[in-house]
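Visitor: only geometry, no sequence info:
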C-alpha cells in the first residue's frame, strides 16, 4: 500500500527542491523510497504470475533515481519530484516493451507499451501493424483494455501519413503514432486505497497483449 506520507514527501520536495532541504529530510525520503520499492516489488511479483518474463526482477533495480541529470537542462533543480519504476523482461533499461508506474504528490499513472521507439523499431512496429492490423485492433478493442485505458496515447502523433504509407490507408490514424503506449491516471484517493495494488495488477494484465505484439514486432 502506498502511504500518504510518501505522496506528502513528494509534494514537499517539489516545493523545496534544493540540496539542503533534501539532506535535512533524508529520513523522510528513505521512508518514502522504501514504501515505493516495497509496493513495486509486490506489483512485480503479482504481474509475474501471468507475465513470466519479469519473474525474478528486483524492484530496487527497476526504480529510477531521485537525482536529476542537470548537465544539459536549464532547470537546475537537483531532484525529481516524482518516483517511477519501469519493469519488463530486461529490467528498467530494457528495450523490451513493459510496464511503468509513476507517483507524484497529488497524482500518478500506470502505463505500458513502447514510448518513442528508435527509427528502425518504429518502422518495424508500423510494418507489423500494417501486416496484422486485425490482430492489433483486436488488442486495442479488447474489453479489459478499453475499460482501463480507453485507447492508445496520441502524444506526438504525426499530422500526415508516415513515409511509405498512402494517405488513404485504412489504419492511417494508428500508423501516425510515434509512440505506442497506454496510460491510466490515478488521483490521491485511488493511490492510497487498499485496492491500489489490485487495480495496478488489473491494468498490467490488460497491457500484456499490447506489450507482446510490440515485442514481436521489434524482435
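Guide: All right, it came through fine. Worth saying up front: this structure is predicted, and the values here are computed from it rather than measured.
Visitor: helix, strand or coil for the residue most central in space within the chain?
Guide: Centroid-nearest residue in the chain, with Cα atoms, centre = their mean: residue 100, separated by 2.6 Å. Here residue 100 is recorded as strand under DSSP: H, G, I helix; E, B strand; the rest coil.
Visitor: residues contacting it?
Guide: 84-87, 110-112 (Cβ atoms under 8 Å, 6 or more residues apart in numbering). Using the backbone N, CA and C atoms, a C-beta is placed for each residue, glycine as well.
Visitor: using the centroid of the protein, identify the residue furthest from it.
Guide: residue 168 (31.9 Å).
Visitor: ok, now how distant is the nearest residue to residue 157 once chain neighbours are set aside from residue 162?
Guide: Distances taken as Cβ to Cβ, 6 or more residues apart in numbering put residue 176 closest to residue 157, at 5.1 Å, once the chain neighbours are dropped. In this view, residue 176 and residue 162 are 7 Å apart by Cβ to Cβ, to the nearest Å.
Visitor: tell me where this structure has helices.
Guide: For the chain, the helices defined by DSSP state H cover 4-15, 19-24, 26-47, 119-131, 133-140, 143-149, 172-175, 188-191, 196-218.
Visitor: among these, which comes closest to residue 70?
Guide: Residue 70 lies closest to helix 19-24 among the helices of the chain, at 11.6 Å (Cβ to Cβ).
Visitor: for the record, mean pLDDT for the closest one?
Guide: Taken as a whole, helix 19-24 carries a mean pLDDT of 97.
Visitor: what do you get for stretch 127-146?
Guide: For stretch 127-146, mean pLDDT is 98.
Visitor: start and end of that stretch, how far apart?
Guide: End-to-end distance for stretch 127-146: 23 Å, by Cα to Cα, to the nearest Å.
Visitor: can you spell out which residues form a bridge with the residue lying closest to residue 63 once chain neighbours are set aside?
Guide: Spatial nearest neighbour of residue 63, excluding adjacent residues (Cβ to Cβ, 6+ apart): residue 85 at 4.5 Å. When bridges are called by DSSP bridges, residue 85 pairs up with residue 63, residue 101.
Visitor: what number of residues lie near residue 131?
Guide: As a burial measure, residue 131 scores 11 neighbours (other Cβ atoms under 10 Å).
Visitor: pretty sure the residue nearest to residue 63 sits against residue 40.
Guide: Yes. Between residue 85 and residue 40 a contact is recorded at 4.5 Å, counting by Cβ atoms under 8 Å.
Visitor: overlap in contacts of these two?
Guide: Counting by Cβ under 8 Å, 6+ apart, the residues touching both residue 85 and residue 40 are 59, 62-63, 101.
Visitor: ok, those vs residue 121, which is closest?
Guide: Checking these against residue 121 with Cβ to Cβ, the nearest one is residue 62 at 21.3 Å.
Visitor: who are the neighbours in contact with that closest one?
Guide: By Cβ under 8 Å, 6+ apart, the contact list for residue 62 reads 40, 44, 85-87, 91-92.
Visitor: now the two most distant members of those residues.
Guide: 40 and 91 (12.2 Å).
Visitor: which one's more surrounded, the two?
Guide: A count of neighbours by other Cβ under 10 Å puts residue 40 above the other of residue 40 and residue 91, at 24 against 15.
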